[in-house]
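Asker: With the sequence up front, the predicted model follows.
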Amino acid sequence: MKKIDKKKLVSLIYKRLGGALSKKSIYDAVSVINDSIIESLLDNKTVSVNNFGTFSTYLFHEHEGLNIASGDRQLVKPFRAVKFRAHSNLSALIEQRKDKFRDP
């Protein structure tokens with residue numbers, strides 16, 4: 001799995017803009033966006049990013065699970081998680097480029 005952290009994202013944006021903005025300015029903007037999304041999700045608010053997708057929280061129910069280390073069944077307490085639903089434009093873009101996702 002390829003991971004992209006803030007530093008990598010900033011570099012990609014910097015290159016895409018041809019150096020028109022400083023990396024510090026781009027980093028600050030990415031941080032504000034990231035923090036805003038996190039704050040909204042922590043407040044159980046849905047976050048929609050135009051032409052990208054929607055992040056929403058949901059409560060995963062209490063259930064019985066298997067402790068892999070011990071092999072014992074145990075109760076897993078309810079917890080919040082985040083779902084992402086891609087916007088149709090993002091899905092269409094991925095569909096157009098799906099041949100790049102396949103292994104040769």
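Answerer: Yep, that arrived.
Asker: in the longest helix anywhere in the chain, what's buried?
Answerer: Counting residues, the longest helix found in the chain (DSSP state H) is helix 23-42. Burial within helix 23-42, assessed by neighbour count using 16 or more other CB atoms under 10 Å, is assigned to 26-27, 41. The way it works is simple: take the backbone N, C-alpha and C, and place the C-beta from them, glycine included.
Asker: Please identify which of those is nearest to residue 70.
Answerer: residue 41 (32.6 Å; CB to CB).
Asker: which residues does that closest one contact?
Answerer: Residue 41 sits next to 47, 55, 57, 82 when contact means CB atoms under 8 Å, 6 or more residues apart in numbering.
Asker: neighbours of the residue nearest to residue 72 when sequence neighbours are not counted, just the number please.
Answerer: Counting by CB to CB, 6 or more residues apart in numbering, residue 66 is the residue found nearest to residue 72 once chain neighbours are left out, at 7.6 Å. Using other CB atoms under 10 Å, the number of residues around residue 66 comes to 11.
Asker: Bridged to residue 66, which residues?
Answerer: According to DSSP bridges, the partner residues bridging residue 66 are residue 73.
Asker: looking at the chain, which helix or strand does the model trust least?
Answerer: Confidence across the helices and strands of the chain bottoms out at helix 88-96, with a mean of 88, counting by mean pLDDT, DSSP states H and E.
Asker: Dump the C-alpha coordinates for it into PDB.
Answerer: Output of helix 88-96 as PDB, limited to C-alpha atoms (Å, rounded to 0.1, in the frame of the first residue of the first chain):
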ATOM      1  CA  SER A  88     -19.300  10.100  -8.800                       C
ATOM      2  CA  ASN A  89     -16.700  12.300 -10.500                       C
ATOM      3  CA  LEU A  90     -13.900  10.600  -8.500                       C
ATOM      4  CA  SER A  91     -15.300   7.200  -9.300                       C
ATOM      5  CA  ALA A  92     -15.400   8.100 -13.000                       C
ATOM      6  CA  LEU A  93     -11.800   9.300 -12.900                       C
ATOM      7  CA  ILE A  94     -10.700   6.100 -11.200                       C
ATOM      8  CA  GLU A  95     -12.700   4.000 -13.700                       C
ATOM      9  CA  GLN A  96     -10.900   5.800 -16.600                       C
END
